[in-house]
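In: just coords:
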């Protein structure tokens, strides 16, 4: 059950970050143009806002709902990505698979594959990384490593 909570938090962070980027582009339209350096960074194939949001959300919700399942949350988006690439291969003679899923030249598919498949995979890795960092910080702050050391804290 905790796995599905973390999966929900991941996709909720994606939706929230896409809405936030859309709002920023509505307020400052030049940021949405591909000719602008900021527009190129905010758009596909990078998704930095979504990745950073997922990282912090993963760390935050690991503290609230601690579960080792949050470390493996990337498995579901990876499965979607692999299935999508596999099912897209027959179309590969018309469009490059790399550009469709990971490149900037995704115009043949309106970049929907990057938006719906690749971005969740990137965000899931960031979410898991945030959860791992949160777990390590929590473990280090508790001093659990010293208490688990068989040689003791005064060891060689």
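Out: Yes, it's here. Bear in mind that the values here come from a model prediction, so they are computed numbers and not experimental data.

In: pLDDT wise, what is residue 102 at?
Out: Note on residue 102: pLDDT of 83.

In: state the three-state secondary structure for the spatially closest residue to it that is not a sequence neighbour.
Out: In space, and not counting its chain neighbours, residue 102 is closest to residue 45: 5.6 Å by C-beta to C-beta, 6 or more residues apart in numbering. Using the backbone N, CA and C atoms, a C-beta is placed for each residue, glycine as well. At residue 45 the chain is in coil, as set by DSSP: H, G, I helix; E, B strand; the rest coil.

In: cool, residue 62 as well?
Out: Per three-state DSSP, residue 62 ends up helix.

In: follow-up on the earlier one: the residue nearest to residue 102 and residue 103 touch, don't they?
Out: Yes - contact criterion C-beta atoms under 8 Å: residue 45 and residue 103 qualify, at 6.0 Å.

In: now do stretch 11-26: everything it contacts.
Out: 31, 32, 42, 49, 50, 53, 54, 57, 119, 120, 123, 127 (C-beta atoms under 8 Å, 6 or more residues apart in numbering).

In: residues touching residue 69, list them.
Out: 2, 3, 6.

In: the residue nearest to residue 102 and residue 101, how far apart?
Out: Residue 45 is 8 Å from residue 101, where distance means C-beta to C-beta, to the nearest Å.

In: same question for residue 109.
Out: 9 Å.

In: these two: who's more crowded?
Out: Just comparing residue 109 and residue 101: by other C-beta atoms under 10 Å the higher neighbour count belongs to residue 101, 21 against 15.

In: and that one, what does it touch?
Out: 81, 84, 85, 88, 113, 114, 117, 118.

In: residue 120 and residue 80 touch, don't they?
Out: Yes - counting by C-beta under 8 Å, residue 120 does reach residue 80; the two are 7.1 Å apart.

In: spatially nearest residue to residue 30, not counting backbone neighbours?
Out: Here the residue nearest residue 30, using C-beta to C-beta, 6+ apart, is residue 36, at 5.4 Å.

In: separation between the one you found and residue 128?
Out: For residue 36, the distance to residue 128 - C-beta to C-beta - is 32 Å.

In: in the longest helix seen in the chain, what counts as buried?
Out: Taking DSSP state H as the criterion, the chain has its longest helix at helix 2-27. Across helix 2-27, burial judged by 16 or more other C-beta atoms under 10 Å covers 6, 7, 9, 10, 11, 13, 14, 17, 18, 21, 25.
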